[in-house]
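J.: What follows is a predicted structure for the sequence shown.
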Amino acid sequence: MNFVNIGALDEFPDEGMRQVMVRGEPLGIYRVGESVYAIHDVCTHEEAFLTDGEFDADDCEVECPRHGSRFNVANGDVRILPATKPVASYQVKLEEGNVLVGPQKV
Ligand code: FES
């Protein structure tokens, strides 16, 4: 599957997050310096956008706004319950100052 250009790295605030629609799916894009991560933006516990929660760039972790589950934004793994399933994580690469999102990691 091809990579999709979602914009210039400069459009993503350092140590910040933003929701972007990619191929019809809401993804959360997280930036820490020159590293960018993409995970599905809907919490696996109930319905909530993770990008409405809190991003802790030091721990590379987002906290769900509804019940406080925490996910590793680098790979989608659950760090804190009540969610038990990881969120999907997507390949990301930087090319000529742009952020490109690829297929789901397996
Ligand atoms: S909806 Fe995210 S922890 Fe419940």
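T.: Noted; the coordinates are in hand.

J.: Only C-alpha atoms from now on, for both contacts and neighbour counts.
T.: Noted.

J.: Could you point out which residue ranges in the chain have low pLDDT?
T.: Under the criterion pLDDT under 70, the flagged ranges of the chain are 1.

J.: thinking L100 is in contact with L9, fair?
T.: No: using CA atoms under 8 Å as the test, L100 is too far from L9 to be in contact (9.5 Å).

J.: Give the residues shared as contacts by the two.
T.: By CA atoms under 8 Å, 6 or more residues apart in numbering, L100 and L9 have these common neighbours: L94.

J.: near the ligand, which residues of the chain show up?
T.: Residues of the chain lying close to the ligand (CA under 6 Å from any ligand atom) are C43, H45, E46, E47, A48, C64, R66, H67, G68, S69, P82, A83.

J.: Could you give me the ChimeraX selection string for whichever of these are buried?
T.: Remark: buried members of the residues of the chain next to the ligand, expressed as a ChimeraX selection using 16 or more other CA atoms under 10 Å:
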select :43,45,48,64,68,69,83
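
J.: Among the residues of the chain next to the ligand, which one lies nearest to V32?
T.: C64 (18.7 Å; CA to CA).

J.: V42 versus that closest one, what's the distance?
T.: Note on C64: its distance to V42, by CA to CA, to the nearest Å, is 9 Å.

J.: Cool, thanks, signing off.
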